[in-house]
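Asker: Sequence first, then the predicted structure, then my questions.
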Amino acid sequence: MYGVKVIKAKKKATPDSRQIIRNALMRVGRATVKEYDNLTETWNDPPTFKIATHVTASDSEVVVMVSPDPDAEATKVYGYVNNGTKAHDIWAGYYTGKSKHKVLAFPSQFTPKTKPGSLTSGSGSSGGPTVFTPFVRHPGTKARGFDKAMSKKMAKKFRAEMIKALKEIANKGYKA
């Protein structure tokens, strides 16, 4: 999410000037979605990102938010990767009543596709001998912090788009 407080104008913004601001916010939003799509393109089930913009009634704040679609199953996985997970126990389905499987089966070696603080995604890998066990103590997942890294990366574009929009408003003689 990006936002900025602006100096309050003595008069309310016109509908035309508000639309110019909203258009600038949408340009930032679309660029951010493109960055997220590039980040998650190697994922088996990448999330879909949505854009929301807001200009406050008092015209004192403008906001663009880009977030994963809350209704999509892929959003859960994105949340686990973005926010990380604590160490936790995983039991085979037989012991939890979720399936008839008495053991978990997974590869013994794993390399993640992403790294904490990075907005790049690699191929990742898994392999080695298969492990069979009824229970495993998962060490947890270190948070990647995509949202923080993306905010930092897109802040410059946000500022540039807001300056461009305000110049357009001034050139057209609208009240900001």
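Answerer: That came in fine, so what should we check first?

Asker: What strand or helix carries N82?
Answerer: helix 74-83 (DSSP states H and E).

Asker: I'd like to know which elements that helix is packed against.
Answerer: Packing partners of helix 74-83 (3 or more CB pairs under 8 Å, 6 or more residues apart in numbering; DSSP states H and E): strand 61-68, helix 146-172. All C-beta atoms are positioned from the backbone trio N, CA, C, and that covers glycine.

Asker: Report the strands that pair with the first one, each with its relative direction.
Answerer: Its sheet considered, strand 61-68 pairs with strand 2-5 (antiparallel), strand 49-55 (antiparallel) by DSSP bridges.

Asker: Any idea which of these has the lowest pLDDT on average?
Answerer: Among these, strand 2-5 has the lowest mean pLDDT, at a mean of 54.

Asker: helix or strand right after that strand?
Answerer: helix 15-40.

Asker: Now do that following helix: which elements does it pack against?
Answerer: Here helix 15-40 touches strand 49-55, strand 61-68, helix 146-172, going by 3+ CB pairs under 8 Å, 6+ apart.

Asker: Highest mean neighbour count out of these?
Answerer: strand 61-68 (a mean of 19; mean count of other CB atoms under 10 Å).

Asker: For burial, what's the neighbour tally of the residue lying closest to V77 once chain neighbours are set aside?
Answerer: Closest residue in space to V77, ignoring its immediate chain neighbours: D45 at 6.8 Å, by CB to CB, 6 or more residues apart in numbering. Using other CB atoms under 10 Å, D45 is surrounded by 11 other residues.

Asker: which residues does D45 contact?
Answerer: For D45, the contacting residues are 73-74, 77, by CB atoms under 8 Å, 6 or more residues apart in numbering.

Asker: Quick one: which of those has the lowest pLDDT value?
Answerer: E73 (87).

Asker: Count residues in the vicinity of it, would you?
Answerer: By other CB under 10 Å, 9 other residues sit near E73.

Asker: Find the residue closest to it in space, skipping its chain neighbours.
Answerer: In space, and not counting its chain neighbours, E73 is closest to D45: 7.1 Å by CB to CB, 6+ apart.

Asker: what separates the one you found from L104, distance-wise?
Answerer: Distance, D45 to L104, using CB to CB, to the nearest Å: 21 Å.

Asker: With G29 instead?
Answerer: 41 Å.
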